[in-house]
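Take this sequence and fold it.
(chains A and B)
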Amino acid sequence: MSDLLIELFSEEIPARMQARARDDLKSMITNGLVEAGLTYASSGAFSTPRRLVLSIEGLSAESKPVREERKGPSASAPPAAIEGFLRSTGLTLDQLERRADKKGETLYAVIEKPGRAASVIIAEVLETTIRTFPWPKSMRWGSGTLRWVRPLHSILCLLSDESGGAVVPLNIDGIQSSNTTAGHRFLSPARFPVTSFDDYVVKLKRAHVVLDSAEREAAIWQGAQNLAFAAGMEVVEDKGLLTEVAGLVEWPVPLMGRIADTFLALPPEVLQTSMKEHQKFFSVRNPKTGRIEGFITVANTETADHGETILKGNQKVLSARLSDAKFFWENDLRVAKANPDSPMQEWLDGLKSVTFHNKLGSQADRIARIAALAREIAPLVKADPDLAEQAAKLAKADLRSAMVGEFPELQGLMGMYYAREAGLPEPVALAARDHYSPLGPTDTVPSDPVSVAVALADKIDTLTGFWAIDEKPTGSKDPFALRRAALGVIRLVLGNEVRARLEFVFRPRINGLATENASSALNRIADLFLEISRGEEFCNRPASYALHEARCEAKLGLILPEDIEVINNVLESYSDWHLDHIDNVLSDDGHGDVNQFEITEAIRNSADKLGKMSRKKTKILGRVSASSDLLAFFHDRLKVFLKDQGIRHDVIDACLAMPGNDDLTLLVKRAEALAAFLKTEDGPNLLQGFKRANTILTQAEAKDGVEYSYGADPKFAETDEERALFAALDTAEAQITPAMRREDFAAAMAAMAQLRAPIDAFFTAVQVNSDNPIIRRNRLNLLHRIRAICAGVADLTRIDG
Amino acid sequence: MADAPKAPRSFQEIILRLQNYWAAQGCAILQPYDMEVGAGTFHPATTLRSLGSKPWAAAYVQPSRRPTDGRYGENPNRLQHYYQYQVIIKPSPPDLQDLYLGSLKAIGIDASLHDIRFVEDDWESPTLGAWGLGWEIWCDGMEVSQFTYFQQVGGHDCRPVSGELTYGLERLAMYVLGVDHVMDMPFNDPAAKIPLTYGDIFMQTEEEYSRHNFDGADTEQLFQHFKDAEAECQRLLDFPPLDPKSGKTIIMAHPAYDQTIKASHLFNLLDARGVISVTERQAYIGRVRALAKKCADAFRLTPAGRDATGQDAEAHS
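Model (predicted):
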């Protein structure tokens, strides 16, 4: 048994990559060694800015010999077969064994792989590891071709036991392995040899290197707390920063400084962000004032003046940074408060010249849309419409502030401070801060009604906007973070139990935004239509409908000139059909009363018949149903979201198939109830009963070409089970209908569950396909009632199992 | 330290010490490129010479212009015109970090008193189609240089890799000299007969150019110039390589690259004037990058940019 020590010594490794690199080094090497037949007792990986280290204890000295036996062809097989076997085994004929069996003699190859020395295996595994190491970003240097995170300078690879250590010989692109390493870049730069891992750790520490990042983190945290405590202060905890700083130093020396009084009036987030982002300082709070009054910087060295020069330098850099911040803050406040009647006006004006997207106008245009939408949404979320509109108008004003220009991560938060300073109502200030939320699947969802209204309006405007100009996410590409926006809407709606039909919110926005070519398209269609009505007496109704609807859509800008060509084709291909109501259609001026769903359906029907034009058809449908498409996108996001909450996708599908599926709160209530129902004992059993009823019914309907929805009559019931099912259906219906009306899905499903026993009994006792056609028809109609009752609750045909 | 040099006393002394130091390391000390550029990297001695296999070592001061950074001379360290010190060595030597630390020592930054750190900073120039990995170097929390191993320039892989060092001279000098406002920094020796501060030399021009950059420059003309530079760059590259007058193969890679530099600066000015929207911005950057790539392609066909083995650009593209 021996121990292995590997150190890959390089120029400074980015702090953020070190943890992953430790894990990768450990798994790649240990897996490689084990695959090659070695065993080991334990391993540990370490990193500093300049080294990646692996220590393995109890490594076997060599791999076990491997004996492999392969059965070949019969000894009397044709020469070609035997030659093939020889080639594949790499043996000669006289090296094969002949074994007698029932068929005569069969050839066997026995290949023995002797055990190999650990050092040989290590050299191979380490080389492969270095050459294929999965750094997030790697580079070449000098004239070489080797890739590493930064130039790799030396490789220490030492196999040791009680008798001493031996270098594992290895040469990678001119870097020869050795038993030496170097200490701290400035404090102990000399190279020195080591004999074992323990020796390595001790000598490194003597050479001003703390190997273990956890030990460095602990030292930094302890040191920082001690410094703060001695001054009656406390360090603001920041685990991420601690890990990062520990990855920047080999010999951590925390130093504490004070923030000059002149900066203490800045918002604490500004101080913290500036210090953390620019300087990687910890913030130090005065518990008496609650303010951030000091900082901790962590040096990587000890100096004769005990860090005095270093601290002075850092203090100076900080002062310059905070001077900038203070300058921004004061200037911004001046702008925010300049005109009490219209606070932040300068910024709002400035946003007119900032393009949001060249097809969607300026930031000011966008804000105007959001404000209008926030006003419209306000009643749905119990917010004051005036406040919601005002908040939406101001929420993004801080994008023009100097502070947000410098620290984009403070957007919204600065808006809140500036709104407060400008004397605006608190909900307006909060909306500025919170309207970007939620930004992910786990962060907090705003709950103040005004914030909710603005947050929803902001995201819905973004989504409908990019949908209107056909800039949807594809695959991994989502440059405008539309998936995140959709998830944000979902969480806002569900988190606040907002009741709204999203389709009705989306459609007018998408239509309103897509105004391109609207009037010219309309005119061309109108001309076309006139031509037909004059010259052609025959046309089919669906086509005329399509044309009519195309006019509406063209008016709204949803149809492009090339689409009109398709409509033209539709008409031509059906021109021999009689057109009954062309005058009626013509006289209808357009988009007023016509149901949008019917329009979509009509065009879909027409276009469907036009198979050869499928490419254009897709385009038409894509445009016409952009809002349904956006809703489908929402449903996809919702599925992902609910799946994470443990709701099965088939359950969600069953609920999505129901009307009103754009009301997400309702949808989720239904899905939750259904998921819960399916977990009860009755659930899956009822499901089986339903499916059985549905299958029999569907087959019969297909065979007979009728829909059995005439209503079953109890007087034709022959058996008690049949009569019992009638009664049970009556009872269930009487409970389910009002429950559904109150949207009490749990109660509806509980009532549905009571059908389980009668349905089971019915199927056990009754043959649906009776010889008597009247009885059979009645039973099929009875099954239809089962299907109808269940279908009113959720589309159970979509449930698996 | 016994051999620690005396602290420098002026801005120019720091520049001179860097010049001497890098000259002693074998770099050719070049002069600034005679065009408006945003950074020392734009100097053809870096952009173009980092391509191809021929060894190269150069150092130079490059006046750099960032029109949007104009602050009328009021900001303590933000300027629309400033100096960069640039070192470029190909292939990057294995001891480049030590050479760099030596240069800090030469200008009076003693590593035994200061905290010098290599902090991850990947460099990317979308306008040059270039990127590299490296660090920003911190001295007591202050960023004093950029250190980059070029991986790609103008869309071409760098083989061998060049090591590039960029010092922001004003900021570095302010730190070394202990000055809080750039305009107060002694430019020549403060004991000279006519002592001049940075402000004596640049205060007025910072004001003038700030006004020019933000309000003065004629944007319509700038847009036109941009188009002209773009067209001219392409036109120069479209010439057949054989020059009928001299009978030689002469590809006008450098003159074409000058037009790229121009286009880039014009874009920066337009950006400062606030007339380029966020989406247009990407398009303009893409147009400059397209020029830079074409120039790099052309340079790779010239004697200075070809690989020593004689294989031409195709092999790496």
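
Skipping adjacent residues, who's closest to residue 96 in space?
I'll assume chain A. Spatial nearest neighbour of residue A:96, excluding adjacent residues (C-beta to C-beta, 6 or more residues apart in numbering or on different chains): residue A:107 at 4.7 Å. C-beta here means a position set from N, CA and C on the backbone, and glycine is covered the same way.

Chain B, not that one
With sequence-adjacent residues excluded and distances taken as C-beta to C-beta, 6+ apart, residue B:96 is closest to residue B:163, at 4.5 Å.

distance of that neighbour from residue B:55?
Distance, residue B:163 to residue B:55, using C-beta to C-beta, to the nearest Å: 12 Å.

Overlap in contacts, these two.
Applying C-beta atoms under 8 Å, 6 or more residues apart in numbering or on different chains, one finds that residue B:163 and residue B:55 are jointly contacted by B:90, B:91.

I'd like the average pLDDT over stretch A:369-389.
Averaged over stretch A:369-389, pLDDT sits at 91.

next one: stretch A:650-669 to chain centre, how far?
The chain centroid and the centroid of stretch A:650-669 are separated by 21 Å under C-alpha atoms, centre = their mean, to the nearest Å.

Which residues outside that stretch are in contact with it?
With C-beta under 8 Å, 6+ apart as the test, stretch A:650-669 has contacts from A:490, A:493-494, A:497-504, A:631, A:634-635, A:638-639, A:642-643, A:670-671, A:674-675, A:678, A:743, A:745, A:794-800.

how about the residue in chain A sticking out farthest from the centre, what does it touch?
What lies farthest from the middle of chain A is residue A:104; by C-alpha atoms, centre = their mean that is 64.2 Å. With contact set as C-beta under 8 Å, 6+ apart, residue A:104 has these partners: A:74, A:75, A:76.

And the last one, how far from chain B?
Meaning residue A:76. Remark: distance between residue A:76 and chain B (C-beta to the nearest C-beta, to the nearest Å) = 56 Å.

does that residue count as helix, strand or coil?
coil (DSSP: H, G, I helix; E, B strand; the rest coil).

which ones are touching it?
With contact taken as C-beta under 8 Å, 6+ apart, residue A:76 is in contact with A:104, A:105.

Kindly list the main-chain dihedrals of it?
Backbone torsions of residue A:76, given as degrees, to the nearest 10, read phi -100, psi 10.

Next, work out how far apart the residue in the stretch 451-600 of chain A positioned nearest to chain B and residue B:266 are.
Per C-beta to the nearest C-beta, residue A:479 is where the stretch 451-600 of chain A lies closest to chain B, at 10.4 Å. According to C-beta to C-beta, residue A:479 stands 27 Å off from residue B:266.

Could you check which residue of the stretch 1-150 of chain B lies nearest chain A?
residue B:140 (2.7 Å).

what's around that residue, how many residues?
The local packing of residue B:140 (other C-beta atoms under 10 Å in any protein chain shown) involves 24 other residues.

Please apply the same query to the one 10 residues further on.
Here the count is done by other C-beta under 10 Å, and residue B:150 has 29 residues near it.
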